[in-house]
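Asks: Kindly generate the corresponding structure for this input.
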Amino acid sequence: MKSPSLPLDSSRVRALFPAFQEDGLKGQAFFENAGGSYTSRHVLERLEHYYRATKVQPYGAYPASIEAGEAMDLAYERIASILEVSADWIHIGPSTSANTYVLAHAFAQQLGDSDAIIVTNQDHEANSGVWRRLARHGVEVREWKIDPETGHLNPADLDNLLDEKVRLVAFPHCSNIVGEINPAEKICNLIRAAGALSIVDGVSYAPHGFPDLGEINPDIYMFSAYKTYGPHLGIMAIRPELAASLPNQGHHFNDDKPRYRLTPSGPDHAQIAALAGIADYLEEVANIAEPAIKGNSPFRRAHNATRAQETTLMAPLLDWIGAKSNIRLIGPPTPQNRVPTISLALDLPGLEVARELAQHNIMAGGGHFYSQRTLEALGLAPEHGVLRLSFVHYTSRQEIDTLLQAMSRVLV
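Replies: Here you go, the predicted structure:
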């Protein structure tokens, strides 16, 4: 049977990533992208230029300093354009874990024993543990639970938890274990109708297509740049009026500077400037996409192309897994409503199987991936873990074939 055509020419996309030319990585099929993607040439070029030409204190009086500040400002504008919001939504910190930690401290100054919050057991610990610790301040913590068989997070169950006490709901756009895409727009609408705030962890969704926040309409949306072809930073998009209402977590003299108030440990200036390269890269992806891929901006076209590419590449892998009675697939068995973050519960510990696959040139991951609560809810021991196979749109058909051949040898 002839394989369905792909909307993106893999060779043209892969040519935009210097990692594929590295001798130490040649012949290695990369299936641990959920832990961090390769970095695009566009990002690396901006990073190198900043370090070489403008590695000075930005926003000063002399030309190099002015250029440095302008490069950083451009990054805020370009990231905002990707997400279809204005630049005053964007806050950049050292990581998503650090960003949620600071946010939780800010909310702790406003919430008390008359308030409730809702968290899930489908989240990465970064968008769960920090909110659960608000119980120390008397806040009631309610858990929105997944289905213990499938890992599905049912919006109807959230409706049963919402009432006038609830002030915020933290949930993932997509779980880094389950892989199912949650209906973020529907969930945010439910939360808003109840008078609460939505805090969406997009870390495991954004690598597979940056969202249009105008459609989803969250109050806060977060993701990690190092998983979206950029440097190791965490990006928060926060509704500007909400950001202004939260207590300042930075230096007192920066209280009137929105970008400083919720990111007290400002990240590397060069890496901020390099973030603009993510937008450059996505525009090139939009140009590579087949004419049939539509979108009202290059970023929407890139989103639609990467989702279509991954959906097509996922199909043979999910079919192979579905035919094996000794493998438990976590999450949906079909590619239409999931991302290619594919977790498998096996007899052997996940990390042990990942080591065996490494002998066949497969770079995969094993463990709990900071989602211990999810594994426990699924009846799995976190210390045993799962095998996680994660890829993105730059993965090639040949790499999928290599993976299937390796799995046929290892998972007998």
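
Asks: Same question for stretch 144-157: list its buried residues.
Replies: For stretch 144-157, a neighbour-count test (16 or more other CB atoms under 10 Å) marks 144, 146, 150-153 as buried. In short, each C-beta sits where N, CA and C put it, glycine included.

Asks: Same check on stretch 163-180?
Replies: Neighbour counts over stretch 163-180 (16+ other CB under 10 Å) mark 166-180 as buried.

Asks: which one of those sits closest to Phe369?
Replies: Looking at the buried residues of stretch 163-180 and their distance to Phe369, the nearest is Asn176, at 5.5 Å (CB to CB).

Asks: pretty sure the closest one contacts Gln372?
Replies: No. Asn176 is not in contact with Gln372 according to CB atoms under 8 Å; the separation is 11.9 Å.

Asks: got the contact list for the longest strand along the chain?
Replies: Ranked by number of residues, the top strand in the chain under DSSP state E is strand 166-172. When contacts are defined by CB atoms under 8 Å, 6 or more residues apart in numbering, strand 166-172 is touched by residues 107, 111, 115-120, 122-124, 127-128, 131, 142, 144, 153, 158, 162, 182, 187, 191, 194-205.

Asks: Show me how far that strand is from its chain's centre.
Replies: On the basis of CA atoms, centre = their mean, to the nearest Å, strand 166-172 sits 18 Å off its chain's mean C-alpha point.

Asks: List the buried residues for whichever helix or strand comes after that strand?
Replies: Next helix or strand after strand 166-172 toward the C-terminus (DSSP states H and E): helix 184-193. Neighbour counts over helix 184-193 (16+ other CB under 10 Å) mark 184, 187-188, 190-191 as buried.

Asks: likewise stretch 20-29?
Replies: Neighbour counts over stretch 20-29 (16+ other CB under 10 Å) mark 20, 28-29 as buried.

Asks: and which of those residues is nearest Pro291?
Replies: Within those, distances to Pro291 taken as CB to CB reach their minimum at Phe20, with 25.9 Å.

Asks: Skipping adjacent residues, who's closest to Thr334 in space?
Replies: Leaving aside its chain neighbours, Thr334 sits nearest to Leu318 (6.5 Å; criterion: CB to CB, 6 or more residues apart in numbering).

Asks: Please work out how many residues are found near the one you found.
Replies: 18 (other CB atoms under 10 Å).

Asks: For the closest residue to Phe210 other than its chain neighbours, list the residues it contacts.
Replies: Closest residue to Phe210 apart from its sequence neighbours, by CB to CB, 6+ apart: Ile82 at 4.9 Å. Ile82 sits next to 210, 278-279, 282, 299 when contact means CB under 8 Å, 6+ apart.
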